[in-house]
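Engineer: using only what follows, build the 3D model:
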Amino acid sequence: MNITIVGTGYVGLVTGTTLAELGNTVYCVDIDAKKVERMKEGVVPIYEPGLEEMFLRNIQAQRLFFTTDIKEVLGKSEVIYLALPTPPGEDGSADLSYVLSVANQIGELLMEYKVIVNKSTVPVGTADKVRETIASKTSVEFDVVSNPEFLREGFAVEDSMNPARVIVGSESEKAQEIMAKIYQPFTNTGIPIIFMDEKSSELTKYAANSFLAVKITFMNEIANYCEKVGADVDKVRLGMGSDDRIGHRFLFPGIGYGGSCFPKDVKALIKSGKQEGFDFQILEATEEVNHAQKIILVSEIEKYFEGNLKGKKIAMWGLAFKANTDDIREASSLDNIKLLLEKGAEITAYDSIAEENVRNVLGDQISYAQDMYSTLENADCLLIATEWSEFKNPNFELMAQKMKSKVIFDGRNMFALEQLEDTGFFYKSIGRKTLK
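Structural biologist: Residues are numbered from 1 along each chain as shown. Predicted structure coming up:
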């Protein structure tokens, strides 16, 4: 099948590459001419493990193409995926201007039946708005489908090639048949495709992400309470996770969630609720708790240094909002850096993948190290903000030699307490006893 993907951000590029891998001919459209030229040359514009290999394979197989001209490829394709940004506005609502602008453009160009697929995360009712926008420009038959993505950054290739389910929102039998054909390679292996109406599909994405944000935040609250009463959150987590009604995933405490999805989707669902006169009280509390959780270790660092951080040299391991991505959107590292700088601290950070993105935001407000150990030179303490695998089994003797003080604040619970008990380090993590 011939498919056009409009937008080559994270969702669009992964979706387009996956659909090409499934044997389709895919045309990816983006307004950024320089980005399109780089992709034509085989340069993947985002960091995602496993994506580059699949990307290059499908370019070489002539199943994956790139252009800035939607008119050039619209007539070639039976299905048009919209994978466009829906950034939060100042009030938290999703900005649909990119989606509706392209819908307007499609309406002006439409000459024959197409299926228009909303792949972006969009508020309930967006399919109706896209349908109305296109219909205002053409009398040609078309269908609008909601087909939300459920990709985890850092595992997007795995998730795209082996999804837990495929959600398709459409009440058109014709559109359902076409979408079933696209995803037949998945359903042939037992992966379910779930058909529903467009509004239910749109809400399913928001509901799923918001529920996971709540789950993470609840576990962080439990971790904070563990510290008050002397319980160990690792043991509590194992006990909870062994209940198959709860499961082990998303129960790891830390310094809050970030990224491109959870913060944006929680805000958007809260705003959508208010527009209908409905208050998502749990989600409002989740936002508030998560904001405080992201910087919870700053007060602990300040307490350790008796309220004076001026001139203190703080090493930071990790800048991405989580491991296996270069994404720094809503990253806890940035919240910590901002607050620590305000308090007079000096920061040297290391993250080989996300460093460039942070440089683009912070410039020379902080220093950057070339490896995890050089970050520690004369550091008064170490703050771990991202759970990169390379941090899991460090050389503690080397760390002690390089650091001015043997002090670690671990926002991701990277180490078992037993690893540090005999090392002489002060070690403060989340929801566990502090080693002194």
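Engineer: which residues in the protein form strands?
Structural biologist: In the chain, the strands defined using DSSP state E lie at 2-6, 25-29, 64-67, 79-82, 114-118, 142-146, 166-169, 193-196, 313-317, 346-350, 367-368, 381-384, 407-410, 426-428.
Engineer: contacts only, for the residue lying closest to residue 135 once chain neighbours are set aside.
Structural biologist: Spatial nearest neighbour of residue 135, chain neighbours left out: residue 107 (7.1 Å); criterion: C-beta to C-beta, 6 or more residues apart in numbering. Every residue, glycine included, has its C-beta placed from N, CA and C. Contacts for residue 107 (C-beta atoms under 8 Å, 6 or more residues apart in numbering) come out as 133-138.
Engineer: how about a markdown table for those, with pLDDT and neighbour count added?
Structural biologist: Listed next are the contacts of residue 107 as a markdown table, based on pLDDT from 0 to 100; neighbours: other C-beta atoms under 10 Å:
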| residue | pLDDT | neighbour count |
| --- | --- | --- |
| 133 | 97 | 20 |
| 134 | 97 | 23 |
| 135 | 97 | 15 |
| 136 | 96 | 11 |
| 137 | 96 | 15 |
| 138 | 95 | 14 |
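Engineer: between the strands of the chain, which gets nearest to residue 251?
Structural biologist: Across the strands of the chain, residue 251 has its closest neighbour in strand 407-410 (17.2 Å, C-beta to C-beta).
Engineer: direction included, what does the closest one pair up with?
Structural biologist: Here strand 407-410 is paired, per DSSP bridges, with strand 381-384 (parallel), strand 426-428 (parallel).
Engineer: now render those strands as TSV, adding distance to residue 21.
Structural biologist: Output for those, formatted as TSV (distance: least, C-beta to C-beta, whole Å):
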stretch	distance to residue 21
strand 381-384	36
strand 426-428	44
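Engineer: check contacts around the residue nearest to residue 326 when sequence neighbours are not counted.
Structural biologist: Closest residue to residue 326 apart from its sequence neighbours, by C-beta to C-beta, 6+ apart: residue 47 at 4.0 Å. Residue 47 makes contact with 325-326, 353 under the criterion C-beta under 8 Å, 6+ apart.
Engineer: could you give the angle of the longest helix along the chain to strand 114-118?
Structural biologist: In terms of residue count, the longest helix belonging to the chain (DSSP state H) is helix 198-229. For helix 198-229 against strand 114-118, the angle by axes from the mean of the first three to the mean of the last three C-alpha atoms, to 10 degrees is 20 degrees.
Engineer: helix 198-229 packs against which elements?
Structural biologist: helix 126-135, strand 142-146, strand 166-169, helix 233-241, helix 262-275, helix 281-294 (3 or more C-beta pairs under 8 Å, 6 or more residues apart in numbering; DSSP states H and E).
Engineer: run the last query once more with 6 Å
Structural biologist: If you count contacts as 3 or more C-beta pairs under 6 Å, 6 or more residues apart in numbering; DSSP states H and E, helix 198-229 packs onto strand 142-146, strand 166-169, helix 262-275, helix 281-294.
Engineer: how near is residue 109 to residue 69?
Structural biologist: As judged by C-beta to C-beta, to the nearest Å, residue 109 and residue 69 stand 11 Å apart.
Engineer: ignore the last one, residue 184
Structural biologist: Separation of residue 184 from residue 69 (C-beta to C-beta): 30 Å.
Engineer: rewinding a little: could the strands of the chain go into a markdown table alongside mean pLDDT?
Structural biologist: Shown next, in a markdown table, are those (pLDDT from 0 to 100):
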| stretch | mean pLDDT |
| --- | --- |
| strand 2-6 | 98 |
| strand 25-29 | 97 |
| strand 64-67 | 97 |
| strand 79-82 | 98 |
| strand 114-118 | 98 |
| strand 142-146 | 98 |
| strand 166-169 | 98 |
| strand 193-196 | 98 |
| strand 313-317 | 98 |
| strand 346-350 | 98 |
| strand 367-368 | 98 |
| strand 381-384 | 98 |
| strand 407-410 | 98 |
| strand 426-428 | 98 |
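Engineer: looking at these, which is closest to residue 249?
Structural biologist: Ranking the strands of the chain by proximity to residue 249 (C-beta to C-beta) places strand 166-169 first, at 19.0 Å.
Engineer: roughly how far is the closest one from the heart of the chain?
Structural biologist: Taking the mean of its C-alpha atoms, strand 166-169 sits 20 Å from the chain's own mean (C-alpha atoms, centre = their mean, to the nearest Å).
Engineer: can you check stretch 192-202 too?
Structural biologist: Stretch 192-202 sits 22 Å away from the centroid of its parent chain (C-alpha atoms, centre = their mean).
Engineer: start and end of that stretch, how far apart?
Structural biologist: 18 Å (C-alpha to C-alpha, to the nearest Å).
Engineer: and residue 145, what does it touch?
Structural biologist: 115, 117, 170, 175 (C-beta atoms under 6 Å, 6 or more residues apart in numbering).
Engineer: same thing with residue 86?
Structural biologist: Neighbouring residues of residue 86 by C-beta under 6 Å, 6+ apart: 94, 120-122.
Engineer: got the buried residues for stretch 338-349?
Structural biologist: Counting neighbours by 16 or more other C-beta atoms under 10 Å, one finds that the buried residues in stretch 338-349 are 339-341, 343, 345-349.
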